[in-house]
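S.K.: Got a predicted structure here, sequence first:
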Amino acid sequence: MPFPIHRMRRLRASEPIRSLVRETRLDPAEFILPLFACPGEGVRREIGAMPGNFQLSVDEIVRECAEVRALGIGGVILFGLPESKDETASGAYADDGIVQRAIRAIRSQDPSLLIVTDVCNCEYTSHGHCGKIVAGEVDNDQTLEWLAASAVSHARAGADIVAPSDMMDGRVAAIRRELDANGFSRIPILSYAAKFASVFYGPFREAAESTPQFGDRRSYQMDPANGREAMREIELDLEEGADMIMIKPAMPYLDLIHEARRRFDAPIAAYQVSGEFSMIEAAARNGWIDHDRAMIESLTCIRRAGAQIILTYFAKPAARLLA
Ligand code: PBG
């Protein structure tokens, strides 16, 4: 008969008590802000479905990074919109590619801001798929070369961490091998280990102009129905040499974040993707939900589930609120 001895409400009675017993806290140092680098100068083009997020020319990215630094945000992850796309994704691994130039520009202003790069081909291929097309299919093994070359070019430009998001099999091992062979054995790999073929990437594809021109990504990204398979993906990536792993999207996949936290001791990141962000923004703009509370609650619950690093488009407003 726990009641009336136990009264759970005692520890909820005032904010000082609630604060004392709070199990999960948010720290901006654990946020990573996604940024989209585009050609030109002075370009700051707002993304329709993602208010407060922009396609930024390299000079504007540098300004944005100064703000990221001032807010105490952990770092940025860079995506690129190349001048032109082709069949071989050449912009992904060109030494003067858009992301490579952005890294160098940021580095010249801030030697120690944490720069993560997304390693993928979909923003750079004319067909919008994440790999090389051979006989109408995304060819796994031939795509690995592009990925490894991209990772090395990012490291050479000054990236701190490379994050492959393509979902080809064996990419972590291929990237590790090539990084090491080029003198970058110190560069960690944050693998998008369990990345699902999710409808919640919709707004990102507008932002990164990376919608596949035919078919979809279901032959390489995971089926949202599969949780055990996600654990196998994570296990394999860790075996191949991933230093950290990511689960993506975040909120609809909290069970997998939690399960991964239970099973693996590597740092776990979760990506609160564009659609998760846009839904909250849209509802708030309609007056249907409180923006700041929805933002903080969503981030807190991702953290509580077991993700210590959160990639989020809310990084700036959340950091401001937490300050
Ligand atoms: C590239 C990539 C995507 C996202 C991150 N890296 C798009 C995709 O796989 O289609 C989505 C991020 C987001 O929705 O915020 N492959």
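M.R.: All right, it came through fine. Numbers count the residues shown, from 1 in each chain.
S.K.: Residue 236: helix or strand, and which one exactly?
M.R.: helix 228-240 (DSSP states H and E).
S.K.: Tell me if the very next helix or strand once past that helix is near the ligand.
M.R.: Sequence order places strand 244-248 as the next helix or strand after helix 228-240, per DSSP H and E. No: Strand 244-248 is not in contact with the ligand by CB under 6 Å from any ligand atom; minimum separation 7.1 Å. C-beta here means a position set from N, CA and C on the backbone, and glycine is covered the same way.
S.K.: now stretch 137-148
M.R.: No: using CB under 6 Å from any ligand atom, stretch 137-148 never reaches the ligand; the gap is at least 11.1 Å.
S.K.: Now that stretch: average pLDDT?
M.R.: Stretch 137-148 shows a mean pLDDT of 97.
S.K.: Alpha carbons of stretch 196-212, as CSV, please.
M.R.: Provided in CSV are the C-alpha atoms of stretch 196-212 (Å, rounded to 0.1, in the frame of the first residue of the first chain):
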residue,chain,number,x,y,z
PHE,A,196,15.5,5.0,-42.8
ALA,A,197,13.7,5.7,-46.1
SER,A,198,11.7,8.4,-44.5
VAL,A,199,9.0,10.7,-45.7
PHE,A,200,10.3,13.2,-43.1
TYR,A,201,13.2,14.1,-45.4
GLY,A,202,10.8,16.0,-47.7
PRO,A,203,11.8,19.6,-46.8
PHE,A,204,15.5,18.7,-46.9
ARG,A,205,15.3,17.7,-50.5
GLU,A,206,14.0,21.1,-51.3
ALA,A,207,16.8,22.6,-49.3
ALA,A,208,19.5,20.4,-50.8
GLU,A,209,17.9,20.1,-54.3
SER,A,210,18.5,16.3,-54.0
THR,A,211,15.1,14.7,-54.9
PRO,A,212,15.7,11.5,-56.9
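S.K.: if I pick the closest residue to residue 174 other than its chain neighbours, what's in contact with it?
M.R.: Spatial nearest neighbour of residue 174, chain neighbours left out: residue 144 (4.0 Å); criterion: CB to CB, 6 or more residues apart in numbering. Contact analysis of residue 144 by CB atoms under 8 Å, 6 or more residues apart in numbering lists 168, 170, 171, 174.
S.K.: And residue 277, by the same measure?
M.R.: 50, 53, 203, 312, 313, 314.
S.K.: Could you check the pLDDT of the second one?
M.R.: According to the prediction, residue 53 has pLDDT 97.
S.K.: In terms of helices and strands, where is residue 55?
M.R.: Using DSSP H and E, residue 55 falls in strand 54-57.
S.K.: What is the least confident helix or strand in this structure?
M.R.: Every helix and strand of the chain was ranked by mean pLDDT, DSSP states H and E. The lowest is helix 202-208, at a mean of 92.
S.K.: tell me what that helix is packed against?
M.R.: helix 274-285 (3 or more CB pairs under 8 Å, 6 or more residues apart in numbering; DSSP states H and E).
S.K.: now the following helix or strand past the helix it packs on against helix 274-285, angle please.
M.R.: On the C-terminal side of helix 274-285, the nearest following helix or strand under DSSP H and E is helix 291-305. Counting by axes from the mean of the first three to the mean of the last three CA atoms, to 10 degrees, helix 291-305 lies at 150 degrees to helix 274-285.
S.K.: Now whichever residue of the stretch 1-150 of the chain sits closest to the ligand. Its backbone dihedrals?
M.R.: At 4.0 Å from the ligand, residue 120 is the closest residue in the stretch 1-150 of the chain, using CB to the nearest ligand atom. Main-chain torsions, residue 120, degrees, to the nearest 10: phi -160, psi 170.
S.K.: when you give positions from now on, start the count at 449
M.R.: Will do, 449 is the new start, and the previous item becomes residue 568.
S.K.: Kindly give the local confidence score, pLDDT, for residue 721.
M.R.: 98.
S.K.: ok, it - contacts?
M.R.: Contact partners of residue 721, counting by CB under 8 Å, 6+ apart, are 646, 648, 649, 652, 696, 697, 698.
S.K.: Within range of the ligand, give me the residues from this structure.
M.R.: Residues of the chain lying close to the ligand by CB under 6 Å from any ligand atom are 566, 568, 570, 578, 613, 649, 652, 653, 665, 721, 722.
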